[in-house]
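# from the sequence below, what's the structure:
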Amino acid sequence: MHTKRNDIIRLVTTLGIVVLGALVLSVKFLKFDLTEENRHSLTDATVAMLDSLDDKIFIRCYLHGDFPAEFKKMEQSIRERLEEFRDYSGGMLDYEFIDPYESGDDKKTKEVFRALDEKGLRFSNINFTENGTKATKLIWPGVIVQYRNKEYPIQLLKSEMPMASDAMINNSVNNLEYELAQGLRKITRPKRPSIGVLYGHRELDALHMADFLYGLQESYSIEFVKIDSQLNALSEKVEGYERRINRYDALIVAGPDSTISDRDLLVMDQYIMNGGKVLWMIDALRMNMDSLQDDGYAMAVSNEMNLYPMLFNYGARLNRSIVIDYQSAPILLDNGPMGTGRNMVDANFYYAPLMLSPNNAHPICSNLDPIKLEFAGSIDSVNPNKEVRKIKLLQSSELSKELKAPVRVDLDLMSKGQDYFAANNQPNRMMAMILEGRFPSAFKDNLTPTLRNDPEFGFLEKGVPTSMIVIADADVAYNEVDMRGEKPKPIALGYDPLFKRVIYDNKEFLLNCMNYLLDDQALISVRSRAITLRKLNMGKVEQMRSSIKIQNTVIPIAIVLLLGAIHFFVRKRRWTR
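Below is the predicted model of the structure:
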């Protein structure tokens with residue numbers, strides 16, 4: 001009787017705990033992520049975005065069906081991410097997986113392919129071996145997002161070639177949260193921020209900055225703007241407002257190579273005073289690359305643009321110098337004739353320092369591949385101001401030196417070794433800086449009283465809080481152009497002809513810079529996370545195929561039978577006492 005009462009108490013207690021847990025979980029979402037890189041957890045920024053959804057979103061994923069294991073892993077990763085998104089959306093998001101080959105009819109399958117292509121998704125062609133036979137298949141590694149009568153495609157496999165590699169798959173798994181979150185932001189955002197790209201002072205042209213601008217166009221509206229002494233080029237005075245209203249949320253100034261007039265500088269200054277954000281990419285020295293290629297040396301001289309006093313006023317001094325670094329990009333050098341050809345040797349190009357993530361820990365640079373600069377200078381923090389915060393963004397390595405203008409750029413320097421850089425080195429030279437706060441106008445002491453007091457102009461002596469990023473190099477955004485064919489074709493930013501692929505993360509770095517300036521720091525926190533894809537050893541899998549099948553079928557059954565036998569004998573011993 002006593003035993004029976006205890007059993008009833010235990011049963012009631014267990015049921016009570018289960019019911020209580022169910023009630024708690026029905027109102028409070030709980031999840032524990034025990035993975036090393038928190039692969040099953042979303043960043044706070046994504047959670048906040050999902051929590052703020054104001055209407056239903058439906059996502060259709062087309063990476064589903066019969067294909068190799070690495071793509072099944074990617075499918076599973078997408079499913080896990082979408083489950084997370086649904087859990088945190090409070091019922092505002094749902095999804096389904098669709099197999100484009102489901103019908104089994106070639107005609108219907110082609111119709112599905114055509115529809116997906118028209119919606120903006122792109123296929124990948126994969127080769128794999130199945131039962132000893134080589135096979136080819138088209139897959140659609142992407143999703144279509146539906147929101148308020150709008151559809152938006154998100155490509156989840158970021159591949160540089162039609163044939164996807166393991167590295168591309170791993171990269172895509174790393175970026176799943178970023179791609180999905182960015183896509184949802186785009187389709188739900190009522191207005192795209194606008195970016196003005198300055199021209200008219202021999203800045204980098206659109207073709208040689210195309211890859212960076214293409215990347216920006218995914219999230220922002222881009223417009224080229226020429227000031228040409230027009231006071232309303234960047235901002236305008238609107239009736240009823242005391243200060244000017246900016247036309248652009250941010251401005252890009254990339255490599256001006258001629259003198260900027262004081263009137264244009266005033267327009268830029270007042271744009272900043274009214275809260276405008278600026279990404280400065282400035283070459284402090286000018287160099288003739290043709291002389292370097294033809295003669296093996298060239299002279300780098302000061303690039304006088306009339307910008308230095310204004311930047312000094314804001315708190316950054318651009319030094320007329322070139323930073324050389326032992327930690328640098330490789331280059332192919334012509335070492336003279338060899339038989340009927342040329343003897344090409346690879347060497348470190350010390351004039352192209354590499355910025356590595358471990359040395360540059362700001363979230364903008366976090367988890368990026370090397371960032372390549374070329375003939376870059378340095379920046380000093382000057383003109384202290386309690387209302388302006390300065391953050392070091394990029395710096396050279398311990399084995400770096402700084403050459404003051406005029407600089408003889410000589411390819412003979414490539415013959416130097418590490419000892420040259422260890423002696424009299426100038427380590428950790430700052431090459432990019434963030435400035436945030438309320439800046440004083442660069443024209444507060446030298447503006448005519450007429451313009452200063454003109455209410456139609458709306459001059460501000462001290463700005464509203466804003467931010468800017470100064471990079472002592474314009475080549476950070478420079479992409480080569482393939483001139484073969486009927487029309488010029490921009491080459492991917494960060495592409496290295498020596499390796500024949502993109503190995504530098506200049507584009508991601510610059511996109512992060514613009515995300516930071518435009519307060520899209522959520523995108524930075526998502527993009528900077530890294531998830532390791534633990535691949536199967538396919539050779540070992542093929543070799544041990546039979547034993548793996550046995551282990552995965554026999555062992556689980558044996559464990560269940562063993563546990564059942566133990567349970568049986570324990571109960572028998574307990575009740576036969």
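# output the below-cut-off pLDDT ranges for the stretch 151-300 of the chain.
Within the stretch 151-300 of the chain, the stretches falling below the threshold (pLDDT under 70) are 158-167.
# please apply the same query to the chain.
Residues of the chain meeting the criterion pLDDT under 70: 1-7, 21-40, 129-133, 158-167, 333-345, 520-543, 574-577.
# and the residue nearest the centre of it?
Taking Cα atoms, centre = their mean, the centroid of the chain lies closest to residue 508, which sits 3.6 Å from it.
# surely that one is in contact with residue 368?
Yes. Shown here, residue 508 and residue 368 form a contact pair, counting by Cβ atoms under 8 Å, at 5.6 Å. All C-beta atoms are positioned from the backbone trio N, CA, C, and that covers glycine.
# and the strand or helix carrying residue 184, what does it pack against?
Per DSSP states H and E: residue 184 is located in helix 176-188. Where contact means 3 or more Cβ pairs under 8 Å, 6 or more residues apart in numbering; DSSP states H and E, helix 176-188 is packed against helix 44-51, strand 57-61, helix 69-88, strand 142-147, strand 150-155, helix 521-527.
# could those go into JSON lines alongside distance to residue 269?
As requested, the helices and strands packed on helix 176-188 are exported to JSON lines (distance: least, Cβ to Cβ, whole Å):
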{"stretch": "helix 44-51", "distance to residue 269": "33"}
{"stretch": "strand 57-61", "distance to residue 269": "43"}
{"stretch": "helix 69-88", "distance to residue 269": "43"}
{"stretch": "strand 142-147", "distance to residue 269": "41"}
{"stretch": "strand 150-155", "distance to residue 269": "38"}
{"stretch": "helix 521-527", "distance to residue 269": "26"}
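# which of those sits closest to residue 573?
Between residue 573 and the helices and strands packed on helix 176-188, the tightest spacing by Cβ to Cβ is seen for helix 69-88, at 43.8 Å.
# and the angle for the closest one with strand 142-147?
Here the directions of helix 69-88 and strand 142-147 differ by 20 degrees (axes from the mean of the first three to the mean of the last three Cα atoms, to 10 degrees).
# re the thing from before, which one of the helices and strands packed on helix 176-188 lies closest to residue 18?
Evaluated with Cβ to Cβ, these place helix 69-88 nearest to residue 18, the distance being 20.9 Å.
# what helices and strands are in contact with the next helix or strand after the closest one?
Next along the chain after helix 69-88, taking DSSP H and E as the criterion, comes strand 93-97. Other elements packing on strand 93-97 under the criterion 3+ Cβ pairs under 8 Å, 6+ apart are strand 57-61, helix 69-88.
# strand 93-97 versus helix 44-51: what angle between them?
100 degrees.
# now tabulate the helices and strands packed on helix 176-188 in a markdown table and tack on distance to residue 490 and mean neighbour count.
Rendered in a markdown table, the data for those read as follows (distance: least, Cβ to Cβ, whole Å; neighbours: other Cβ atoms under 10 Å):
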| stretch | distance to residue 490 | mean neighbour count |
| --- | --- | --- |
| helix 44-51 | 31 | 17 |
| strand 57-61 | 31 | 19 |
| helix 69-88 | 29 | 18 |
| strand 142-147 | 24 | 21 |
| strand 150-155 | 19 | 16 |
| helix 521-527 | 22 | 21 |
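# closest to residue 183 out of those?
Each of the helices and strands packed on helix 176-188 was checked against residue 183 via Cβ to Cβ, and the shortest separation belongs to strand 150-155, namely 3.9 Å.
# which neighbouring elements make contact with the following helix or strand past that closest one?
The helix or strand immediately downstream of strand 150-155 is helix 166-174, counting by DSSP H and E. When contacts are defined as 3+ Cβ pairs under 8 Å, 6+ apart, helix 166-174 sits against helix 69-88.
# distance-wise, check residue 368 relative to residue 511.
Residue 368 sits 10 Å away from residue 511, taking Cβ to Cβ, to the nearest Å as the criterion.
# picking that back up, after the helix holding residue 184, which helix or strand is next?
Next helix or strand after helix 176-188 toward the C-terminus (DSSP H and E): strand 194-198.
# quick one: buried residues of the helix or strand following that following strand?
Read in the C-terminal direction, the helix or strand following strand 194-198 is helix 210-217, with elements assigned using DSSP H and E. Taking 16 or more other Cβ atoms under 10 Å as the basis for neighbour counts, the residues of helix 210-217 that come out buried are 210, 211, 212, 213, 215, 216.
# and stretch 362-380, by the same measure?
Buried residues in stretch 362-380, counting neighbours by 16+ other Cβ under 10 Å, are found at 362, 364-366, 368-379.
# now stretch 468-486
By neighbour count, with 16+ other Cβ under 10 Å as the criterion, the buried positions of stretch 468-486 are 468, 469, 470, 471, 472, 473, 474, 475, 476, 477, 478, 479.
# surely the last one meets residue 212?
Yes. At 7.3 Å, residue 479 and residue 212 qualify as touching, with contact defined as Cβ under 8 Å.
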